[in-house]
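[1] okay, here's the prediction I keep looking at, along with the sequence it came from:
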Amino acid sequence: MLEYTTYLSGDSFRETAKKIREFRDKLQANIKTFCEELAKEGEIVIRAVLSEHVDTSETIGSVEIVSEEEGGTYIAKVQVTSDAIMFLEFGSGLVGLNGEQHPYGVYGPGTFGQAPRQNPEYENWENPEGWFYKGNDGNYHKSFGMEASMPMYKGGEAMREKLHEVAMRVFGHA
């Protein structure tokens, strides 16, 4: 708890006001540091989960911390701009359907039908024989889908788990 003592004099009021302004400025700087450090905790986990998957270099390369300040409010967030993130987050195909389901299962195997058709097999995600998709290399590849790896969800969980630790590190003991 903060305490400021002031006396009934102009100099004392000015000194107290100066201390309050210094505290406000330090608090604003600490809030910015807190947001950035917490986002870094999430970024570490997101990158670790993505690195466990084959050929996710494009997705890992699109992971970044974005921060902004608007109207005295500071925000830091981890964003992934790769098109593949939805498949990695929620899974796809029969493999994904039979694997661990995402806690926020509004998306998942079979729900990506809004994507532009690449070929007739693209829509055939439930085929037990698998399906083919056209890769960035221009070749067709067979897939049975993938389990939900949930990098964003796991990154958010890590941030929640580290919240107190990061706060204590940045703001110090009360």
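    Nice, I can see it. Residues are numbered from 1 along each chain as shown.

[2] correct me, but Phe13 touches Tyr4?
    No - the criterion here is C-beta atoms under 8 Å, and Phe13 misses it with Tyr4 at 10.4 Å. Any C-beta I mention is one placed from the backbone N, CA and C, and that applies to glycine too.

[3] show me where this structure has its strands.
    63-70, 73-80, 131-134, 140-143 (DSSP state E).

[4] check which residues of the second one are buried.
    By 16 or more other C-beta atoms under 10 Å, the buried positions in strand 73-80 come out as 74, 76, 78, 80.

[5] same deal with the last one?
    Within strand 140-143, the residues that qualify as buried are Ser143, counting by 16+ other C-beta under 10 Å.

[6] could you do stretch 49-69 as well?
    Neighbour-count burial for stretch 49-69 [16+ other C-beta under 10 Å]: 49-50, 53, 56, 59-60, 62-63.

[7] residues contacting it, please?
    Residues outside stretch 49-69 that contact it (C-beta atoms under 8 Å, 6 or more residues apart in numbering) are 32, 35-36, 39-40, 43, 46-47, 74-82, 84-85, 88, 136, 146, 149-151, 154-155.

[8] the residue nearest the centre of the chain and Leu163: what is the separation?
    Geometric centre of the chain, nearest residue: Val78, 3.9 Å, by C-alpha atoms, centre = their mean. Separation of Val78 from Leu163 (C-beta to C-beta, to the nearest Å) stands at 15 Å.

[9] going by length in residues, pull out the top helix of this protein.
    helix 10-51 (DSSP state H).

[10] centre of the chain to that one, how far?
    20 Å (C-alpha atoms, centre = their mean, to the nearest Å).

[11] next one: stretch 33-53
    On C-alpha atoms, centre = their mean, the centre of stretch 33-53 falls 7 Å from the chain's centre.

[12] mind listing what's buried along that stretch?
    For stretch 33-53, by 16+ other C-beta under 10 Å, it's 33-35, 37-39, 41-43, 45-47, 49-50, 53.

[13] and stretch 83-93, by the same measure?
    Neighbour-count burial for stretch 83-93 flags 84-93 (criterion: 16+ other C-beta under 10 Å).
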